[in-house]
Each structure stands twice: as C-alpha cells, then as structure tokens.
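1. sequence below, structure please.
(2 chains)
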Amino acid sequence: MRIRLTLGLTDRPGTLLKALEKIAMNGGNIISIIHSREALTGGYVPVSLSVEFPSHENFERAKMGIEESGIPVLSAESLERRIETVLIIGDLSVDRLERLFEGRGEIISLVFGGGKGSPYVRVMFSVSSEDRETLLSSLEELAERNNCLLVCEEA
Amino acid sequence: MIRCGIIGYGFLGRRLAKHLTGYRERGLKLTLLANSKGYLHVEDGLDIEGLMEEISTHPGFRASHPMEAIENGLADLLIVLTPTNVYNGEPGLTYIREALGRGIDVVTADKGPLVIAFRELTSLARSMGASLCYEATVGGGIPVFSLARHSLRGDRILSIRGILNGTTNYILTRMHFEGLTLDLALQEAQMMGLAERDPGLDLGGIDSACKVVILANALLGLDKKLEDVKVKGITQVTPDAILAAKELGMTIKLVGSVGDGKLSVAPRLVRLNHPLCVHGTLNAIQFKMEVMGDLTLIGRGAGESTVSALLSDIEWIISQRTSPREGH
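-> As a prediction, the model looks like this:
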C-alpha cells in the first residue's frame, strides 16, 4: 500500500535519517521525498514522503517508531488507487464527462446505453483515495445540472 | 395490572390487540381503543375476541376526542399507532407529548413524532420517569434499538447503513429479476398491498430518510431533522440502468446511511454478494462497530413483523414495572 507521510523535522542533520531507518526497518520502499523548507512553521520543516509499505501493519509500526523517536507525523494518507463504477441515469454528453476526469481519475470503460427512451452512462474508473471525494462531488454536480441521477457504488 | 390503550386502530392495531389476548396473566389488560372518531373504554379489560373491526359502531363507543381518554388517565401504557405525518408529526406527536407529560409509558410505531421532536420527547420521558419505546419505527421486526442498547453496549457504533424501505426494495427487486418498469412494479406492489395509494414518500426516499433520522438521534447521539438528510429517491431508475448494473454483478438499491455526522438516502450500486443486497420486502441494517467491525441484521420490514417489535417494547415495559428502571 502506498502512503503519503508528512513529517515535522527539526532543521538538524540526521533527523530525517532517523525517520528513514524506521521506514526501512518495516519494509517501506521510499518513492519520493519532498522537503518544504519554505513552509517552515513552529520550528519544523514539513517533509512529505511517498512510501510503499508491504501491509497496513508495517505502516502502523513505522509510524509508531517515527513518533517514538520524537518526530511528529503531521499527516498520513493513503495514495492507493481504487477502481469504482458509477451509473449516470439520463442524457449526458461524453465530452463533459471526459473533461471532468482530467487530472483526477482515469476512465477504464465508458458505456452509453438505454437508447433515447432511457439513456444512461456507465463509467468504470480508477481514482486515488485523496481525489475520490472531489471527483464524486463533481460528478454529482454534473449529474444534477443535467437532470440526471448519479448512482455511486456502495463500498 | 397495567392498563394498556391503543390509539390508532388500523391493520397494526387490530393485529396487536389479538396478540394481547393472553397478556392478562402477565399483568397487562387492554382497556382502551381509540381512533380519530372517539374511543372505547372498559376498565376491567376489553373482550378482544369479541371486538368488531370498526370500533366506532361498537356498543359503549364514545364519540369524543381521544385526548380526553389520556387526560382522564384511562391507560398506564399507551400504544400510539397513528398514521405517520413526517412534516408535523401529528396527530401522534400531541398524544405522545400528553401521555409522557402525565408519566404514562408510550410505545409507538409512528415515525412522525420522533422525526419532528426526538430530543424533546426523550427528555420529557426521562424527566417524568416514563418509558418511550419505538422499536417498530425502523426495520419492522428487526430488533435494532434493543440490540444496540443492550447486546452492543460495550462497543461503539461508528456508522449505520441499510435498506430501510420494503416498498422500494420490492420494486427494485422486481425491476432487477423481471425487467419490469418502475411503474409496473409499483402497480404490482400496490395490488399486493405493499405500497400506499400515494407512494411519493416511499419512492422519493422520504420514508427511508425518516428512519435514518431516528437511527442517528437514537443510536449516534445526534440531533438531526429530516432537512439534514440529503435525499434522492428511485423515480429516475430505469430497467436499462438496472441491466447495466447487473452486467457487472451489481444491482441498484435504495440505501440510507448515517456516519461522520452526515445523513443520506440515495440509490446505490450494490454488489450481488454484498450483505445489504437483500431482495423483496426484506430490510437490512448494518452497524459498523469500533470493536466488532460490521454487523448486519436482515428481516421483514413491515406488516406482521412490526407487531413483533411492538410486543418486544411492551414486554420491556412490563419488565420495568416489576424491576428497577434503566434506559431502553
């Protein structure tokens, strides 16, 4: 599972290394590190790490280890992508729909059906956990503006 | 001996009265029956077997406002089975308010008063030392509230979701399995007595929304009203859309949910092997618990099963009369 961890590091040599050790000890594979020196607040430099962990338990243990070594974990969010399906019942143009997904999700399949009498669009897409809510809200707005009904998938 | 009265003598009232026949030895007698036209009162207990379907033609029927019976203290336990009005809670709200204010225990299947004034009524009951029981308002015979408050009280409910309306579930089931249009499935439901002549509250998701409000207030400690629920009904659902869901091993169900302080009712795509994917008039309610995880209850959501919920509440009140009170 891929996690974005934001740590609050004091601007002293070796602090980041301590956090990286805890991640490595728990099987974490670091994909990227972003230092936000310009965002220094309260004596901390926020450092954002994207890490691939073998399991949720590994992530939890790494997080606990980092906190125990005195480094605050400012946030932790899943970057996993999930595949979902929605139905939009009503008449909707493909252009509008495709534009809405740009930069937020990838359309896997798009099925227009039902004919003129009862049109629908079935969209299967992949989306990251962090973009999911925004994408679904935008889909809902689009559906409402076009007098359509958005039917989302129940987890 | 507990003197029990029923206000609202329709299908449910008649079924319940029959079940109360054997309760005299248990310390409960039915002394009062009331409808919108008046009431029938026999202090020694009504002869339930000999009761007519229409009580207003019964000898001894008093053509007077049913409130008179409450004011005159003709019952210790009032079963309120009035027709539901989700917009003002009446007439049930006034009866319940009056009864609780006099310390009379109340059991109800009427959602309206609870949707309008849940906090007011539960506070009133507490201050007067009376019980207010409403197991029959959500999920028919499924023991939602008693299970949550007794068996699950060591755990914490994080969220609740479910199929809360039997009529829409029947319609969507017929559309899924037989490819019927919504209109045709609705007509069928009406012919079978499963849908009201005016099915607007069911199809529009309002009935489900009322149940979501009661669940939120009773089990999650919230203070929500009907206008706090984001509601979408099933009127736009087409057989083609259901077929499109079916092609992916899913169907469309009307799901009510409350979690993170948000209340909603909307048609949702549900996998055919999902625990909430129940068919026909069945209801399903799923609790997400902090320790236990998911717990799903399935049962008949209307008709005779609702009588079972009323009897459960009545049993509770009998037990409270014979032992110290605790919250229900």
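2. tell me the spacing between B:Met292 and chain A.
-> Summarising the geometry, the distance separating B:Met292 from chain A, computed by CB to the nearest CB, to the nearest Å, is 18 Å. Yep, even glycine has a C-beta here, placed from its N, CA and C like the rest.
3. I'd assumed B:Asp155 was in contact with that residue.
-> Yes: B:Met292 is within contact range of B:Asp155, at 5.5 Å (criterion: CB atoms under 8 Å).
4. can you give the domain ranges for chain B?
-> The domain map for chain B lists B:2-140+B:305-322, B:146-301, with the assignment taken from automatic domain parsing.
5. A:Arg104 is nearest to which of the ones you listed?
-> The minimum distance between A:Arg104 and the domains of chain B falls on domain B:146-301, with 19.8 Å, by CB to CB.
6. distance between the ends of the closest one?
-> 16 Å (CA to CA, to the nearest Å).
7. adding mean neighbour count, distance to A:Glu80 and mean pLDDT, write the domains of chain B out as TSV.
-> As requested, the domains of chain B are exported to TSV (neighbours: other CB atoms under 10 Å in any protein chain shown; distance: least, CB to CB, whole Å; pLDDT from 0 to 100):
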stretch	mean neighbour count	distance to A:Glu80	mean pLDDT
domain B:2-140+B:305-322	19	34	94
domain B:146-301	19	19	95
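8. for A:Asp131, find the nearest of the ones you listed.
-> Taking CB to CB as the measure, the domains of chain B were each checked against A:Asp131, and domain B:146-301 came out nearest at 18.6 Å.
9. I'd like the domains of chain B laid out as CSV, including distance to A:Leu5.
-> Compiled in CSV, the domains of chain B are given as follows (distance: least, CB to CB, whole Å):
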stretch, distance to A:Leu5
domain B:2-140+B:305-322, 42
domain B:146-301, 23
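10. which residue comes closest to the residue nearest to the spatial centre of chain B once chain neighbours are left out?
-> Averaging the C-alpha coordinates of chain B gives a centre point, and the residue nearest to it by CA atoms, centre = their mean is B:Thr137 (1.5 Å). Closest residue in space to B:Thr137, ignoring its immediate chain neighbours: B:Lys111 at 4.8 Å, by CB to CB, 6 or more residues apart in numbering or on different chains.
11. show me the contacts for that neighbour.
-> B:84, B:86, B:137-138, B:207, B:210-211, B:214 (CB atoms under 8 Å, 6 or more residues apart in numbering or on different chains).
12. which among these gets closest to B:His176?
-> Using CB to CB, B:Asp207 is the member of the contacts of B:Lys111 that lies nearest B:His176, at 20.3 Å.
13. rewinding a little: looking at the contacts of B:Lys111, which are in helices?
-> The helices, defined by DSSP state H, take in B:207, B:210-211, B:214 from these.
14. leaving out sequence neighbours, find the closest residue to the most centrally placed residue in chain A.
-> Nearest to the mean C-alpha position of chain A, by CA atoms, centre = their mean, lies A:Glu130 at 2.8 Å. Excluding the flanking residues, the one nearest A:Glu130 by CB to CB, 6+ apart is A:Glu77, at 5.8 Å.
15. can you pull the pLDDT of the one you found?
-> On the pLDDT scale, A:Glu77 is placed at 82.
16. check contacts around residue 62.
-> Chain wasn't specified; assuming chain A. When contacts are counted by CB under 8 Å, 6+ apart, A:Ala62 touches A:22-23, A:25-26, A:28, A:51, A:53.
17. other chain: chain B
-> Counting by CB under 8 Å, 6+ apart, B:Arg62 makes contact with B:38-41, B:68.
18. around chain B, which positions in chain A sit nearby?
-> By CB under 8 Å from any CB of the partner chain, the part of chain A that sits against chain B consists of A:85-87, A:89-90, A:111, A:113-115, A:118, A:120, A:122, A:124, A:148-149, A:151-154.
19. if we can go back for a sec, before we move on, what SS does the residue nearest to A:Glu130 have?
-> Counting by DSSP: H, G, I helix; E, B strand; the rest coil, the backbone at A:Glu77 sits in strand.
20. give the burial count for it, as a bare number.
-> Per other CB atoms under 10 Å in any protein chain shown, the neighbour tally for A:Glu77 reads 13.
21. how much space between it and chain B?
-> When distance is defined by CB to the nearest CB, A:Glu77 is 16 Å away from chain B.
22. report the contact partners of that residue.
-> Applying CB under 8 Å, 6+ apart as the definition, the contact partners of A:Glu77 turn out to be A:3-4, A:129-130.
23. and it, what are its bridge partners?
-> Listed by DSSP bridges, the beta-bridge partners for A:Glu77 are A:Arg4.
24. picking up where we left off before, are any of the residues of chain A next to chain B buried, and which?
-> Applying a neighbour-count criterion of 16 or more other CB atoms under 10 Å in any protein chain shown, the buried members of those are A:85-87, A:89-90, A:114, A:118, A:120, A:122, A:124, A:148-149, A:151-154.
25. so which elements touch the biggest helix by length in chain A?
-> Among the elements of chain A assigned as helix by DSSP H, the one spanning the most residues is helix A:129-145. Secondary structure elements in contact with helix A:129-145, counted by 3 or more CB pairs under 8 Å, 6 or more residues apart in numbering or on different chains; DSSP states H and E, are strand A:73-78, strand A:81-89, helix A:94-101, strand A:149-153.
26. swap in 10 Å and give it another go.
-> Packing contacts for helix A:129-145, counted by 3 or more CB pairs under 10 Å, 6 or more residues apart in numbering or on different chains; DSSP states H and E, involve strand A:2-10, strand A:73-78, strand A:81-89, helix A:94-101, strand A:105-113, strand A:120-128, strand A:149-153.
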